[in-house]
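**Student:** below is the sequence, then the predicted model.
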Amino acid sequence: FMDRIYAIRDYYHRMVVGDDEDEADVEDPFFDEQESHLVGTSLVYLDSLYYLFDVDMTTPIIDYKGKPEGELRVKMTLVADEQDTPLKLKNGDFPDSIEPLKGGT
């Protein structure tokens, strides 16, 4: 905490006095690095994707004590390519399951 206060005061002093020191070398005391923290776990079953059903669900995020910490909203849709083209068989029909699509492109 004290290091941060010193860095902020030093930064302010440099700006007021107008030091000609290279500003790229001065570290910004107001910037905090983003860190990843595990909040909890959530389960999403992907069985419906096997039968080509879209997944649109909300599931709770559970911490290590078993207490809910929030919700995770998941929406997944199977598409054939990056242009969001729906999955179709070579004859143009829509498949009933993913079996006919296995091994195909």
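**Tutor:** Now that the structure is in, tell me what you want to look at. Model, not experiment: these values are computed from the prediction.
**Student:** use CA for all of it now, contacts and neighbours both
**Tutor:** Will do.
**Student:** any stretches of the protein with poor pLDDT?
**Tutor:** In the predicted model of the chain, residues 19-26, 80-105 satisfy pLDDT under 70.
**Student:** tell me what the longest helix along it is packed against?
**Tutor:** Among all segments of the chain classified by DSSP state H, the helix with the greatest residue count is helix 2-17. Using 3 or more Cα pairs under 8 Å, 6 or more residues apart in numbering; DSSP states H and E as the contact definition, helix 2-17 packs against no other helix or strand.
**Student:** pull out the buried residues from that helix.
**Tutor:** For helix 2-17, a neighbour-count test (16 or more other Cα atoms under 10 Å) marks 7, 11 as buried.
**Student:** next helix or strand past that helix?
**Tutor:** Sequence-wise, the next helix or strand beyond helix 2-17 is helix 47-50, with elements assigned using DSSP states H and E.
**Student:** for that following helix, packing partners?
**Tutor:** Checked by 3+ Cα pairs under 8 Å, 6+ apart, helix 47-50 has no helix or strand packed alongside it.
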